[in-house]
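Peer 1: I'll drop the sequence and a predicted model, then ask my questions.
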Amino acid sequence: MATFVIDKAHVVTHFNQACALTLDITAARALGHKDIGKVFYGDDRPMMVDLIVDGLMEQAVNDLYQSSYRSSLKVPHAYEAEHFFLNLGNGGRWLFFTAAPIYNKHGELVGAIETVQDITERKVAEEALMKAQLEVEQIVEQRTSELAAVNQTLREDVNRREAAEHELLKRNDELQTLYTRLSEVKEHLIQSEKLASIGQLAAGIAHEINNPIGYIFSNFGTLENYLAQLFNMLDAYEKAETDLQSCTTGQTLKGKREAFDLEFLKEDIPVLMRESKEGIVRVRKIVQDLKDFSHVDTNSDWQFASLNQGIDSTLNVINNEIKYKADLVKEFADLPELQCMPSQINQVVMNLVVNAAHAIGPERGKITVRTGQEGEQVWLEVADTGSGIPPDVLPRIFDPFYTTKPIGKGTGLGLSLSYGIIQKHHGKIEVNTNVGQGTSFKVWLPLKQPAASSPMSNP
């Protein structure tokens with residue numbers, strides 16, 4: 001660090017080699033002399049060390065250094081400044097220098113020390129930077145003006161695009177409305193086709209079974225009369241045996257009666273007839289339930305029907321889907337008749353119960369079917385102890401053709417069609433599920449359809 005020291009008489013007492021190199025003079029030129037200011041300014045002008053020694057720093061420094069000085073932050077009563085010295089070097093130099101008082105051990109001012117640092121390169125770099133910054137600002141201003149013009153063009157383009165997007169959104173809304181209508185028509189066609197298929201199947205089965213069952217039931221009645229007459233005849237023969245005991249005919253009849261175990265036959269045959277008749281009655285009940293389920297003998301208009309009876313008929317028809325997988329529990333409340341399309345409500349029950357049976361795991365479970373009434377609404381609930389519905393699947397269970405079953409095992413239409421039927425009946429369906437614990441579907445239906453929006457008035 002270039003350094004020189006003056007005493008109280010302003011005579012240079014120390015002048016190091018770095019100072020000689022910075023100021024481009026010899027130490028002999030400076031040491032012992034008072035005019036160190038000439039080296040810097042070209043005339044005998046006081047330096048900051050001179051002002052410190054004379055105690056004039058506060059009064060004269062503003063005149064000499066204007067605002068380019070400041071008090072040192074580290075050394076008390078010391079000052080820092082930077083200045084351009086035209087007489088130094090080739091074309092002048094920028095120097096940063098500090099000046100501080102020197103005190104003896106008694107606290108008396110005996111001189112001052114000043115350090116000098118050449119900051120010309122830094123200043124040149126700063127000026128270049130300022131020039132570059134000014135050029136950049138001019139370029140930025142020019143580019144900003146150009147960008148403003150481009151931005152105006154873009155804004156106009158955005159306005160045109162927004163107008164086009166608005167028109168596209170309008171067209172999209174129209175297409176969405178048409179798509180919704182098309183989906184409703186498609187769902188209605190799928191539902192109608194499926195209902196027609198079920199109705200035709202049920203009608204065919206009911207017709208084919210009903211005729212032979214009628215013959216058998218009629219013949220059973222006749223057979224019962226014949227057996228009654230035969231048993232009366234046998235009673236007469238038994239009474240005549242006592243009169244014929246002494247003859248060969250009596251002995252033969254007695255042997256035959258004992259060989260055939262006639263007493264057992266007289267007890268067992270009525271039992272067999274009764275059980276057979278119960279079986280035939282049950283078959284007739286299944287056929288009747290199948291007819292009720294398909295409603296092949298009624299039209300498809302809205303009518304008042306018993307919800308509990310429809311559920312019973314449906315459960316009887318699909319019993320084969322349930323009996324090997326779960327125990328069926330029915331909890332029916334006394335309900336008034338419901339205005340509905342019975343065959344469609346039966347299909348909802350069938351879909352919910354069959355799905356519940358499919359949800360039961362390898363171990364036998366339980367399916368509970370309940371009904372009830374709240375105000376002007378009735379409800380039916382199908383609850384199972386199956387696997388439950390995962391949260392990621394739950395939002396899609398009513399989507400058409402969505403199924404979690406293997407390919408070929410499900411169409412994905414059961415719940416979708418059920419949802420459409422319930423909507424058509426101005427009802428709603430609620431789902432409550434817990435994975436690993438089971439699921440319940442609760443269907444709410446109005447007792448009477450709203451007159452103003454009744455589906456009876458819709459094509």
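Peer 2: Perfect, I can see it now. Numbering: from 1, shown residues only.
Peer 1: tell me which residues of the helix or strand containing Val378 are tucked away?
Peer 2: Val378 belongs to strand 377-384 when assigned by DSSP states H and E. By neighbour count on 16 or more other Cβ atoms under 10 Å, the buried set for strand 377-384 is 378-384. Where C-beta positions appear, they are placed from N, C-alpha and C, glycine not excepted.
Peer 1: Just after it, pick out the following helix or strand.
Peer 2: helix 414-424.
Peer 1: Flag every buried residue along the helix or strand that that next one is followed by.
Peer 2: Following helix 414-424 in sequence order, the next helix or strand is strand 428-434 (DSSP H and E). Neighbour counts over strand 428-434 (16+ other Cβ under 10 Å) mark 429, 433 as buried.
Peer 1: So which elements touch strand 428-434?
Peer 2: Judged by 3 or more Cβ pairs under 8 Å, 6 or more residues apart in numbering; DSSP states H and E, the packing partners of strand 428-434 are helix 414-424, strand 438-446.
Peer 1: could these go into JSON lines alongside mean neighbour count, mean pLDDT and distance to Asn232?
Peer 2: Below are these laid out as JSON lines (neighbours: other Cβ atoms under 10 Å; pLDDT from 0 to 100; distance: least, Cβ to Cβ, whole Å):
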{"stretch": "helix 414-424", "mean neighbour count": "21", "mean pLDDT": "82", "distance to Asn232": "58"}
{"stretch": "strand 438-446", "mean neighbour count": "20", "mean pLDDT": "92", "distance to Asn232": "57"}
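Peer 1: just to revisit the earlier point, residues making contact with the strand holding Val378?
Peer 2: 307, 311, 326, 335-336, 338, 349, 352-353, 356-357, 359-360, 365-373, 427, 438-447 (Cβ atoms under 8 Å, 6 or more residues apart in numbering).
Peer 1: what angle separates it from strand 428-434?
Peer 2: Calculated by axes from the mean of the first three to the mean of the last three Cα atoms, to 10 degrees, strand 377-384 forms an angle of 30 degrees with strand 428-434.
Peer 1: Mind exporting the C-alpha coordinates of strand 377-384 to PDB?
Peer 2: Output of strand 377-384 as PDB, limited to C-alpha atoms (Å, rounded to 0.1, in the frame of the first residue of the first chain):
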ATOM      1  CA  GLN A 377     -91.500 -41.000  -0.800                       C
ATOM      2  CA  VAL A 378     -90.800 -44.700  -0.500                       C
ATOM      3  CA  TRP A 379     -87.400 -46.200  -0.500                       C
ATOM      4  CA  LEU A 380     -85.700 -49.600  -1.200                       C
ATOM      5  CA  GLU A 381     -82.300 -50.500   0.000                       C
ATOM      6  CA  VAL A 382     -80.000 -53.400  -1.100                       C
ATOM      7  CA  ALA A 383     -77.000 -53.900   1.300                       C
ATOM      8  CA  ASP A 384     -74.300 -56.500   1.000                       C
END
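Peer 1: pLDDT averaged over the longest helix belonging to the chain, what's the number?
Peer 2: When the chain is parsed with DSSP state H, its longest helix is helix 120-241. Average pLDDT, helix 120-241: 77.
Peer 1: same deal with stretch 24-35?
Peer 2: Here the average pLDDT along stretch 24-35 is 87.
Peer 1: Return it as PDB; C-alpha atoms alone will do.
Peer 2: Coordinates of each C-alpha in stretch 24-35 appear next as PDB, following Å, rounded to 0.1, in the frame of the first residue of the first chain:
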ATOM      1  CA  ASP A  24       6.400   7.900 -10.300                       C
ATOM      2  CA  ILE A  25       9.000   9.900  -8.200                       C
ATOM      3  CA  THR A  26      11.900   8.900  -6.000                       C
ATOM      4  CA  ALA A  27      11.700   8.900  -2.200                       C
ATOM      5  CA  ALA A  28      14.600  11.400  -2.200                       C
ATOM      6  CA  ARG A  29      12.300  13.900  -4.000                       C
ATOM      7  CA  ALA A  30       9.700  13.700  -1.300                       C
ATOM      8  CA  LEU A  31      11.500  13.100   2.000                       C
ATOM      9  CA  GLY A  32      12.400  16.200   3.900                       C
ATOM     10  CA  HIS A  33      10.200  18.400   1.800                       C
ATOM     11  CA  LYS A  34       6.900  20.200   2.500                       C
ATOM     12  CA  ASP A  35       5.500  20.500  -1.000                       C
END
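Peer 1: Just the buried residues of that stretch, please?
Peer 2: Across stretch 24-35, burial judged by 16+ other Cβ under 10 Å covers 29-30.
Peer 1: Tell me how far it lies from the chain's centre.
Peer 2: Between the centre of stretch 24-35 and the centre of its chain there are 87 Å (Cα atoms, centre = their mean, to the nearest Å).
Peer 1: Sweet, I'm off.
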